[in-house]
Each structure stands twice: as C-alpha cells, then as structure tokens.
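Undergrad: give me coordinates for this.
(chains A, B and C)
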Amino acid sequence: MAVPVNATRGQHVWYWCLRLICATGFIFLIGPIVIIVPISFSSGSFLSYPLPGFSMRWYDAVVEPFPWMFALENSLIVATTVTVVATALGTLAAYGLTRADFPGKPLVFGLLISPLAVPLVITALGLYFFFARIGLVQTHIGLIIAHVVLAVPFVVITVSATLKGFDWNLVRAAESLGAPPLAAFFQVTLPLILPGVLAGAVFAFVTSLDEVIVALFLSGPAQLTLPRQLFTGLRDQLDPSIVAIATLLIAFSIALLVVVEVLQWRSARQRSARAD
Amino acid sequence: MAVEPEVLVRFRDVEKTYDGRVNVVDRLNLEIRKGEFLTLLGPSGSGKTTILLMLAGFEAVTAGDIALNDRSLRNVPPFRRNMGIVFQNYALFPHKSVFQNVAFPLVQRRMSKPAVREKVEAALRMVDLTGLGDRRPNQLSGGQQQRVALARALVFQPEIVLMDEPLGALDKKLREQMQIEIKHLHEDLGMTVAYVTHDQGEALTMSDRVAIMNDGLIQQVGSPHQVYEEPANGFVANFIGENNSFEGRIESTSGNDCAVRLASGDIVRARSASPRGNGEAAALSLRPERLTIDPEGEGIANRFGATVVEVIYFGAHNRVRLAMAGRDDIIALAPAGPRSDALAPGDTVEVGWSPEHCRVLAPE
Amino acid sequence: MNAPAGIADGRKAGPADRSLEAKLRRAERRRSLNAFLLVAPLLAFIVVVFAGPILSLLYFSVDDPKLAEVMPRTAQIVDAWDGAELPGEEAYATLVEEIRTAYKARTVAAAAMRLNYEISGFRSMVMRTGRKIRRITGPPYKEALIGLDERWGDLAYWRAIKASAGPYTTRYLLAAVDLQRKWDGSIGAAPPERTIYIDYLKRTFWISFWVLACCIAIGYPMAFLIATSGKRWSRFLLVLVLLPFWTSLLVRTAAWVVLLQNEGIINDFLLYGGIVDEPLTLIFNRTGVYIAMVHILLPFLVLPLYAVMRNIPASQMRAAASLGARPVAAFLSVYLPQTLPGLGAGCILVFILALGFYITPALIGGAADQMLSYLIAEFATRTGNWGMASAIAILLLLSVAALYPVYRGLVRGGTFRFG
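TA: Numbers count the residues shown, from 1 in each chain, chains lettered A, B, ... in the order given. Model (predicted):
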C-alpha cells in the first residue's frame, strides 16, 4: 500500500493509519498461532513466558496411547472415510449440476449446500434424534455420516467452480474419437478437474478433522476425536500437552496450506494455458 | 518574424527510474505547445506511457521537473492538475451510468445540477451518444465506451487531454474512424492533446507533431512530414513506415549531396541532413514508394537493373520484391496499373529513384 | 435447448422438421435426466440424513404428546373443559384412575415432567399423588384427591393440565419469544422469570453485529493492502490470512485461552510494561469472546473482499483522481461501490457463522456471554426439554434464513471462492 505519488499531507497521515491498522490485523491473525508454539517446548507447566527451559516432556504426553493417540486414530479413521465418501458423492453431484439443466436445479444446489448455513448445533441435534431412532448414536458410522453431511457442500462448491471453467468441447472431442461417456469422464474430464477435486477433498478432510459440535452430541467414549479431546481439555484442565497437540496441528495446517496453494496454482496454470 | 508558440507543458531534464539502475525515461526535454496535438510514438517499453503518467501525476519524477504554464507540478496531487485522461482500457466506472460517468468530473467540481445536465448532454451530443445516458458501460460496444471516455475527459474543459493508447482495443475499421473523429474534436475544440501510441499510422494521421521514443530517449521531434521524409536516424526511418536500408561508405560529397558506394560496388547518390566526410560508413534509407519501376524523366540519378522476385497484390498498389545490388529484399510499391499488374517473378526491370528521396543516415 | 428452437425458427416447420425437433427435445430430456441421476445420490443422502432430521427436530416445537399418551382420557376431558371453574367429579375420577395405571406402568414420570413445564413443583406433586394413590378406594374422587394434596383443588393446576393436553402446542414457540398463552387462549407476556429468550436473541445479534463491525474495520484495509501490494508481498500477506483460516478452530481457541488467562501472556506483558497494575480480566467475559470470534471470522471477510478488490484495476482510482475527485470522494464514489459484492458476501458469511457460534463462547465466555446455540444445547442435553430446544432452534434458523437467499445468490454468483 504505497502512498500515492504527489500525495497531500492528509493522504500521508491516512496511509500511515491504514498501515497501522493492517499491521495490527496481521499480527492479530498470526500472533496467537506463533506465540503458543514455543510454549509447547517448555520444561515448566505454566503457560506463559519466560520459558524455564526446553523440554519435549509435553510431546511425550501427547504420544501416550490415551487419550491423544486414541483420539488421533479415531479422527483419522473418521476423516479419511468422510473424505472418500464426500468427494465421490460431491464430485458426482457437481458434475451433474454443471453438465445439463434440469427442473429445480437452483433449489437442488441450494439444498445440497444448505448444511453450510444451518448452525451446527441445530444440525447436531437433528442428527442426534434421527440416529437415536435408528441406533447410530455413539457409533463410528453415525459420526462419519454426520461429517459427510457437513463436508459435502465444500466438495460441491469447489468442484462446481472448477467445472465452470471446463471446456466441454474436450469431452465432445473424446467422444468423437470413440470414447464412451464413462471412459471420457475418467480419461479426460477427471484428470483435468483433479486439482479442484483434490482441493474439495482437502476441505472435506479438514471439515471432519476440525468438527467438534456434532462430535459432542453423537460420539461416545469409543469415538473420542481429537477436537473433542481438545474441547474437554480446554474446558476442564488446561495443560501444556494441549499446546503441544495444538503445535502439531498448526504444523499440519501449514502442510495443508502448501498442498492447497500448489493445487490452486496448478489449476490456475492450466486455465491460463488454455486461455493462451 | 514568426510568433513564438506558447508553451503549455515543459519537461526539463526529466529522468525516471524504477530500480535505480535503468532509466526508463532519460534526459527528457520536451515542450507541449498550447493547442497542439503532440504524439509520443514508440515501441512498447520505450517509456512513452511513463511520460504520460508522470505528467498526470501518477508516477514520481526521479530527476528534473515538469512545469505547466511555467509553474512546477512537483507535489501537485493528480486531482488538482486539471488534466483530462483517456485511459487505455477507458477506466469507465462500471457501477455508474454513462451520464454519471460523464457527470463525475463536474460533480467533483460542485457544479449545480442543471449546469451538470446541460454540459453532460452537450458532451454526449458531441461524441454522438445522445440518448445513451442511462446505459451502463458494459451495455455499450467498444467504440461507444471509447466515446464515453472521451466525453468524460473533455467535459470539464481541462487544460490538456492525455490519451494513452486510447484506440488500442478497437478493431481496425473503428480505429480509423475514431482517429478522424478525435482529430476533428481537436480541431473544433482547440484543446491541447498529448497522445501516446505505438501505431505509426495513427501518429502520422492525427498529430501536429510527433515525438519518437526509443529506450527512454527521444529520437526525433517534428511534424509527421518531417519524421517520415527526413528521419533523423535509422531507428526513426525503420520505425515509421516501410524502409529499404542499404549499407555503404561515402565516396564523395558535394554540400549535402553524397555518393555512397554499396558493398556490391554500386554507387548511389543520396542526400544527407548534415555534412559527412569521405570514407565514413553510412546507412541509406529509401521509402518503397519512392522506388520507381521503369523510371521516366529527368532527375532520377539512381538507375539499376533488378529482377522481380515476388509480386503481392494489394488492390490499390502492388508490393514488388526485387533482387538488386546484391540483395533480394528490396521492396517497391508500384501503383496499380497495366504495367505493374503485368509484373511476374523472374522479369527483369529497371528501377530508379531521385537522390532527394534517399537519405544518408549514421549507421546503427 | 436453444438449438432445436433455433432450427424451428429458422425454417418453415415441415413434418420432417417436427420429428427432428421432437428427437432433439428427447435427447435434451435424456441429458437432463442423466444429469439429475448424477445428483440424485447426494440429494437423497442430504434429504434423508439432513433435511429430514432437521424438519423432524423442528416438529418437536409444536409436538405435545406426553400427557395425552399417558393419560389419554383425562386429556380428552380436560380439553373439552372450559377452564372457568374446577372440573367435575368425572374429571377427578378419570385422573385418579389414570394416575393409578400410569404409576403402576411407571409412565407417570413423563407426564409429570411435562406438567412441570407449566408450573414448577407439579412434577413432585404428581409423583407424590402417585405414591399415595392406593389410599383412594372409591368416590367421591374429588374430595379424596384434594385430601391427598390440596393443590388439586387449585384451578391453576387444572388449567396447567388443560394446557398440556396436546397433541399440539404453541407454548414452546411462544415461550421462545417471551410470550405465553393464558388459560383462556389469549396471548400475553410470559412471567418475568421466564423472559430470558429475547435477551438471548438480542445478545446473539448484538455480539454478531460487533464481531462483524470489527471484522470490517480491520478486514477492509487488510484486503485492500493484499490486493494492491506487489506480487510477492501480496502472496505473503495472503498466506498470513490463510494460515489461521486453515488452522483448527479449537487450536485457535486454545491459543486465545493461553493468551488471555489472568496469568496469561497478554497480562504478563501488560504488567511487565507497567501499563496496568493488576491483571485485566480478559477471559470468561465479553472481551474474550469478541477477540476470539473476530480472530476466527476475520478470514471469511478478508478472502471474498480480496477476490473482488483484485479485479478492480488501478486505473479506476487514477481516472477518479484525474477527473478531480479528492481521495475521500474517489474512495466513496468509485472504489467502495465496486467492492460491495465482495463486502456483502463476506458480511453475510461472517454474520451467519457468528449467529451460530457455540464452542468459542462456551470456552472463552462467561455465563452472560452465551448465545442461542448454547441455549439450544442446554435445553437438549441438560434438561431434556426438546420442545424448547426446538423452538429456539426455529428462532435461530429464522434469523439465518432471513439472510440465506442473499448468501446463496452471492455464492452462486461466484463472488466468493474458498481459499
């Protein structure tokens, strides 16, 4: 935000104010995440600076089988399954939504992404009641189904956006060269929209991995997930092992961020290559 | 004694650099006279747009000074410079109607509503857009958008109008039509125009004076006729119009008339703008339309035998590629007619040109 | 769809053309059907496990079967009773009999629970009556019952039974907006000890509004900075926004708990710097909730705003300046209006998400900082009052739904892209 050339004094002052606001904003966003990382390596048990010394003791607590590793395992099982199911269902639906018009399409699209807009507590309660009736409360399956509901809108939106820029002539070309529709989809369409599909999958994975409200209502002790354990820890007893697990999760977010950036960069490059 | 033209804008030793090493604009000394149509012409990256941006106040001047009416523009913010600008992509405000776009500068000047209405309507009439005031810019064709941009830049009667490749986005036919219209507007309204383009045809058609830029330096400033007929150097000769270029050495001189020996041994008589010494290396510039096939009459001191390599039909003329003087890339433009239409590859012809149309330039 | 119409328009429609037209239309229909079939699995899934359950949850807000299930005949008699004065012997006799049966069948507790929503203390009164019901052996039941507990002779308790007679009720929906239906059917203000729900609603909107206001105040300049910086800077700054966006909500909440505690880093810093003498209370109050919520929602405002700002060419502001607009005027009349689609999308997103917040207020807020979501969860899990939970859910959903059409339009318009 360079001050414009030949700016008046007022403009100079104003731009400095803006810079100050922006600096505050960025520090506010990133500061808390950065500040808690060193605490996880503290040898003391106070969550504050200065750190008494360096130690890995809180990470030792994290790798104990219970509760963190158990919760992590559950979270990964649920999130992986959710990712596969949501990506498959969502991609299929997004493909149908962009391939042709049918009556009521806007309504269908609205319905498919409505889980994004309904407050999570309401979704959680509705699912709780439904699952209580059919015996899915406190089961892995129940939790997975619930998370698919929450994750699938992200896949639909991301893949639809990718397909919007897709050149359908490529499919016509494939079909004119003798490929049946299914082969055309798997050999032409899917590879080209893969970055979008993968980005959707990452969203689905993160949605499930980070979900706590539905998990609070639906899961029993056997389905303890990482966010649930974090929630319990934060509510009942705050100790540095929570900061240690938080640090690990931050590292994981950075990895995800890199993955998504690379995917978006690749799909952007593909788009611009086509534009040329 | 001729009246000294009144100077509106004066660039004095202006330099501009973005990285501290390369000067995008170097040692710029240029005057824009009141009421004239001055075009900055040059290839992309030659610094012409930067000059316009500095004049408008959007880019800082690294060294030197720009003065408007002999008052320095240093630290004058753009919104107080009172210059109308037509941007490359028009920069029409997409959320405002055509009327609101054109009214914008008047509203900023706190003009009364009836006055605004009157002036905007006059401006729209001037650019033939009467009745389109309620449209949004994206509902207009490219040419119409161009006219809105023009109306908006003119409606507040700025001291000078800056145009940055304003016709670049239009197709050829529309572009030529707009060139004429802008020229007429300039003549009718008598405003000063600084115009940036890389299209030499545009520059020649519209301008009172053309400043040719390359690598941040002004190569030549002069009337369209001057820069075309008397290019100051090889760059100008090649950049404006088509050019046949010969390399050689000065054999003998007589005043500004020179005899130049080409590598093939042929002697060409040509004219130089400045005195030259014998033995100097020289580049000759000859416009294709000055090269006559089967020349008749006196004064055509240069006559050579040539072989036709290729003839391309252009309707009003034929473009003939010739092999002569050890070269096979010499171009002649022959007016359509029984003689030139009958030319075919392999024909042997005589070609010629008079010395006054052949310029001696410093070799590049 | 355009192609067949175009052909039909272009030529005179002979019989051959008509059959072609029909053929094309059939092909088009087949394409539509195929497309729909691809969407169908997900649509079915969402309808069955999302839309259906939510609707049936909302049904609880009017559903009132408990009393009628346990004491069907009493419910019937009381329903027909006008409520003006104590009911007759028949009602008492039926009630005694049905309490006797229900007590034996151990179903009386459910009905007693329902009655307790009307008058607190009613539950224990019914249960005690149930325990002692053996003592009543014959008519007159009215005196016998009043003998067991004199409150059976109180008109208010009978009116409570009438209000609970079901099978549908408006009491939960009315209570959710601090109203109640009187015994004679008129609607009036609920007693003061129960008028807390409008406060929750107001507080939910109030908190969401201020969170949104802070997000705009910080987020707009940030998005502007990212959109107008050079390529490298802009990428770097974008990462600073995206990293929190991708970081687990609980991790960010944990970070704020660590920072905001009384012995936390912020207080240490303030004390060390001599800015304050005593630690500030930053957690378990409104300040903490605002800070954490703004932190979580800020990226949702910045990202769509940035997406729009990126596409506004620099020449727009230059044009405004060249035409004589002073900076403030240029911003207000040229820049701001062009960012409105992104700003609108971001605002609606932030506001909708804020309205439904649960975790952050629960962990960082105090009792006075809880929002509607908390109330819903409390009613459902702690007191098992599904009717109330459902009615408040409707209140919250209506708040969101008022914004939903705008949100959908903006998402579909492609103004907002994730990431």
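Undergrad: please count neighbours and contacts with C-alpha atoms only from this point.
TA: Noted.
Undergrad: in the chain, what spans have low per-residue confidence?
TA: Because you didn't say which chain, this covers chain A. In the predicted model of chain A, residues A:1, A:270-276 satisfy pLDDT under 70.
Undergrad: the chain in question should be chain C.
TA: Chain C contains residues with pLDDT under 70 at C:1-16, C:404, C:407-419.
Undergrad: next, count neighbours for residue 12.
TA: Let's take chain A. By the criterion of other CA atoms under 10 Å in any protein chain shown, A:His12 has 15 neighbours.
Undergrad: actually chain B
TA: Residues within reach of B:Arg12, counting by other CA under 10 Å, total 16.
Undergrad: helix or strand: which one has it?
TA: strand B:7-17 (DSSP states H and E).
Undergrad: list the pairing partners of that strand within its sheet, with orientation.
TA: strand B:23-33 (antiparallel), strand B:63-68 (antiparallel) (DSSP bridges).
Undergrad: quick one: contacts of the longest one?
TA: Around strand B:23-33, the neighbours that count as contacts under CA atoms under 8 Å, 6 or more residues apart in numbering or on different chains are B:5-18, B:38, B:46-47, B:50-51, B:192, B:194, B:215-218.
Undergrad: how about the last one?
TA: Contact with strand B:63-68 is made by B:8-16, B:55, B:72-74, as judged by CA under 8 Å, 6+ apart.
Undergrad: where's the dip in pLDDT among those?
TA: Among the contacts of strand B:63-68, B:Arg74 carries the lowest pLDDT, at 90.
Undergrad: check the offset of the strand holding B:Arg12 from the chain's centre.
TA: Offset of strand B:7-17 from its chain centre (CA atoms, centre = their mean, to the nearest Å): 19 Å.
Undergrad: what does stretch C:62-69 give?
TA: That offset, for stretch C:62-69, works out to 24 Å (CA atoms, centre = their mean).
Undergrad: how long is that stretch end to end?
TA: The first and final residues of stretch C:62-69 sit 15 Å from each other (CA to CA, to the nearest Å).
Undergrad: chain A: which of the contacts of strand B:63-68 is nearest?
TA: For these, the residue nearest chain A by CA to the nearest CA is B:Arg74; the value is 7.2 Å.
Undergrad: so that closest one, which of the three states?
TA: At B:Arg74, secondary structure determined by DSSP: H, G, I helix; E, B strand; the rest coil is coil.
Undergrad: how far away is it from chain C?
TA: 16 Å (CA to the nearest CA, to the nearest Å).
Undergrad: got the residues of the stretch 101-250 of chain B near chain C?
TA: Counting by CA under 8 Å from any CA of the partner chain, the positions of the stretch 101-250 of chain B adjacent to chain C are B:104-105, B:108-109, B:153.
Undergrad: again, but for the stretch 51-200 of chain A
TA: Residues of the stretch 51-200 of chain A lying close to chain C by CA under 8 Å from any CA are A:89-90, A:92-97, A:99-102, A:108, A:110-112, A:115, A:117-123, A:125-127, A:129-130, A:145-146, A:149, A:158, A:161.
Undergrad: quick one: which of those sit in helices?
TA: A:89-90, A:92-97, A:99, A:108, A:110-112, A:120-123, A:125-127, A:129-130, A:145-146, A:149, A:158, A:161 (DSSP state H).
Undergrad: could you turn the buried ones of those into a ChimeraX selection?
TA: The following ChimeraX line selects those of those that are buried, judged by 16 or more other CA atoms under 10 Å in any protein chain shown:
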select /A:89,90,92,93,94,95,96,97,99,108,110,111,112,120,121,122,123,125,126,127,129,130,145,146,149,158,161
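Undergrad: near chain B too, which of the ones in helices among the residues of the stretch 51-200 of chain A next to chain C?
TA: Among those, no residue sits close to chain B (CA under 8 Å from any CA).
Undergrad: for chain B, what spans make up the helices?
TA: Under the criterion DSSP H, chain B contains helices at B:48-56, B:98-108, B:113-126, B:142-154, B:172-189, B:200-206, B:224-229, B:234-239, B:338-341.
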